[in-house]
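Novice: The amino acid sequence is not available; the structure is as follows:
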């Protein structure tokens with residue numbers, strides 16, 4: 001992106017940035033999209049979508065959905081490695097909880113969050129060769145608790161960006177997710 005385009009974007013954001021942040025508003029919804037990574041199940045990219053509904057200045061119930069491709073590799077099997085296979089795995093997380101925000105006089109709003117939800121870790125193996133064309137699917141569901149810390153920054157009264165670190169604990173898996181993204185706050 002050229003300097004002219006970056007300058008235009010910054011000038012446009014500055015032009016619409018008037019007004020105070022709606023960090024203490026209630027009755028609307030905050031929708032966010034973010035991307036980041038998982039750590040502790042290996043290092044993998046992830047995407048995340050969330051909706052929160054401020055019910056008071058400090059409390060925001062939320063529902064969160066994330067997806068992360070975990071491992072993917074191809075391999076050969078059988079005599080002379082004539083068979084071919086592709087292994088893929090991924091994780092889906094659906095959770096809900098509450099974020100406790102700490103409004104301030106600046107446009108930054110830090111928060112902590114606590115929640116619980118369902119983790120699904122799934123895999124598929126596609127095999128072909130030796131007259132075989134077969135797909136084997138496996139999945140494991142676990143209940144998981146999570147705790148997060150993050151902050152959002154209001155660029156305008158309705159639009160901004162945020163960062164978050166979230167730790168997960170389940171019976172068989174413990175890992176962290178770090179994300180950064182954008183949000184829109186409805187009135």
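Specialist: Nice, I can see it. If you're wondering where the values come from, they're calculated on a predicted model, not measured in any experiment.

Novice: Not counting residues beside it along the chain, what's closest to residue 161?
Specialist: Among residues not flanking residue 161 along the chain, residue 182 sits closest, at 5.2 Å (CB to CB, 6 or more residues apart in numbering). Just so you know, the C-beta spots here come from the backbone N, C-alpha and C atoms, and that holds for glycine as well.

Novice: Give me the residues contacting the helix or strand hosting that neighbour.
Specialist: If you go by DSSP states H and E, residue 182 is part of strand 174-185. With contacts defined as CB atoms under 8 Å, 6 or more residues apart in numbering, strand 174-185 is touched by 22, 25, 28-41, 46, 48, 66, 68, 152, 157-168.

Novice: Need the buried ones from these selected in PyMOL.
Specialist: Selection of buried members from the contacts of strand 174-185 for PyMOL, criterion 16 or more other CB atoms under 10 Å:
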select buried, resi 22+30+32+34+36+38+41+46+48+66+68+152+157+158+160+162+164+166+168
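
Novice: Skip the chain neighbours and tell me the closest residue to the spatially most central residue of the chain.
Specialist: The residue lying closest to the centre of the chain (CA atoms, centre = their mean) is residue 48, at 2.5 Å. Leaving out its chain neighbours, the residue that sits closest to residue 48 by CB to CB, 6+ apart is residue 66, at 4.2 Å.

Novice: and that neighbour, bridged to which residues?
Specialist: Beta bridges link residue 66 to residue 48, residue 93 when assigned by DSSP bridges.

Novice: OK, contacts around it?
Specialist: Residue 66 makes contact with 46-49, 91-93, 177, according to CB under 8 Å, 6+ apart.

Novice: I'd say residue 32 and residue 49 touch.
Specialist: Yes. With contact defined as CB atoms under 8 Å, residue 32 and residue 49 form a contacting pair (7.2 Å).

Novice: where exactly do the strands run in the protein?
Specialist: 30-39, 43-52, 59-77, 83-101, 108-129, 132-154, 159-170, 174-185 (DSSP state E).

Novice: Can I get these in JSON lines including mean pLDDT?
Specialist: Listed next are the strands of the chain as JSON lines, based on pLDDT from 0 to 100:
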{"stretch": "strand 30-39", "mean pLDDT": "92"}
{"stretch": "strand 43-52", "mean pLDDT": "92"}
{"stretch": "strand 59-77", "mean pLDDT": "89"}
{"stretch": "strand 83-101", "mean pLDDT": "91"}
{"stretch": "strand 108-129", "mean pLDDT": "90"}
{"stretch": "strand 132-154", "mean pLDDT": "90"}
{"stretch": "strand 159-170", "mean pLDDT": "92"}
{"stretch": "strand 174-185", "mean pLDDT": "92"}
